[in-house]
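Chemist: Sequence and predicted structure, then a few things I'm wondering about:
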Amino acid sequence: MHLDHSHDGPSAVSADARRPDGSRRALRIGLGGPVGSGKTATVAALCRGLRDELSLAVVTNDIYTREDAEFLLREAVLPPERITAVETGACPHTAIRDDISANLEAVEDLEDEVGPLDLILVESGGDNLTATFSKGLVDAQIFVIDVAGGDDIPRKGGPGVTTADLLVVNKTDLAPYVGSDLARMAADAKTQRAELPVVFQSLRSEPGVTDVADWVRTRLAAWTA
């Protein structure tokens, strides 16, 4: 189920769009959302879907471990040198919104070591509905929620739900088992987000991550135009 809302202005980017040598740096897209919503699985699926056409890399964030990066490495979604981890040591939103230095260093190191890159995905550690990325770190952000968290999450709002460039409602295959009303979630998301796009997704069935991958391609086309 996909809500094809249009979103004008996909060209808004961070201020530092060029590398020190003057070349265009990679597009950076952040993925945030609550614990267990499916951020890492979505990152893995995007890597599988885009790796044959784009040069991409991933930065993961965990508080005290490298667990998300290790999952991506086990799944072999990208060569190991294209996956790196940041241990935030504090609330995840601190490292993606407040003190972004560790993440900035990670994305810049990736471009230096395995570049040139088209795309870098920056995955936040699991956080609440207020988690947003600094525009000094990413050029666009995806917020991932899941139906098992309750069909009232879109109605509750919060900056992650209301302002992210793309909202992904994940694990739709679980809706019948957890009593979530997808139509209600769609209506509430529309109320909260107006014309900002929303994708309903199950990675266990077709079309899987296709809609999100298409959105990423659109952002990249605007970035490179």
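Modeler: Perfect, I can see it now. Residues are numbered from 1 along each chain as shown.
Chemist: And the helices in this protein?
Modeler: Using DSSP state H, the helices of the chain run over 39-50, 67-74, 92-93, 101-114, 153-156, 159-163, 175-178, 182-193, 210-224.
Chemist: other SSEs contacting the longest one?
Modeler: Meaning helix 210-224. On a contact count with 3 or more Cβ pairs under 8 Å, 6 or more residues apart in numbering; DSSP states H and E, helix 210-224 meets strand 27-32, helix 39-50, strand 166-170, strand 198-200. From N, CA and C alone the C-beta is placed, and that goes for glycine too.
Chemist: closest to Glu123 out of the helices of the chain?
Modeler: Proximity to Glu123 (Cβ to Cβ) singles out helix 39-50 among the helices of the chain, at 5.3 Å.
Chemist: Quick one: residues contacting Ile96.
Modeler: Counting by Cβ atoms under 8 Å, 6 or more residues apart in numbering, Ile96 makes contact with Gly30, Gly32, Asn61, Asn103, Val122, Ser124, Ala131, Thr132, Phe133, Ser134, Leu137, Val138.
Chemist: where in this protein is pLDDT low?
Modeler: Scanning the chain for pLDDT under 70 picks out 1-15.
Chemist: try 90 this time
Modeler: 1-24, 35, 62-67, 87-95, 97-99, 115, 125-131, 224-225 (pLDDT under 90).
Chemist: tell me, what residue is most central in it?
Modeler: Compute the mean C-alpha point of the chain, and by Cα atoms, centre = their mean the closest residue is Leu31, 2.2 Å away.
Chemist: correct me, but it touches Ala41?
Modeler: No - using Cβ atoms under 8 Å, Leu31 makes no contact with Ala41, being 10.5 Å away.
Chemist: Look at Arg217 and say how many residues are nearby.
Modeler: By other Cβ atoms under 10 Å, 15 other residues sit near Arg217.
Chemist: need the contact list for the residue nearest to it when sequence neighbours are not counted.
Modeler: Spatially, and ignoring its direct neighbours in sequence, Arg217 is nearest to Leu50 (7.9 Å; Cβ to Cβ, 6 or more residues apart in numbering). Contacts for Leu50 (Cβ under 8 Å, 6+ apart) come out as Leu56, Leu119, Ala213, Val216, Arg217.
Chemist: Would you agree Arg51 is in contact with Pro79?
Modeler: No - assessed by Cβ under 8 Å, Arg51 is found out of contact with Pro79, at 9.2 Å.
Chemist: ok, these two, which is more surrounded?
Modeler: Taking other Cβ under 10 Å, Arg51 and Pro79 do not tie; Arg51 has more neighbours (15 against 11).
Chemist: so what's the more buried one closest to, chain neighbours aside?
Modeler: Ranked by Cβ to Cβ, 6+ apart and with sequence neighbours excluded, the top spatial neighbour of Arg51 is Leu78, at 6.2 Å.
Chemist: any idea how far the closest residue to Ser205 other than its chain neighbours is from Val58?
Modeler: Residue nearest to Ser205 in three dimensions, not counting chain neighbours: Asp173, with 6.0 Å by Cβ to Cβ, 6+ apart. To Val58, Asp173 is 25 Å away according to Cβ to Cβ, to the nearest Å.
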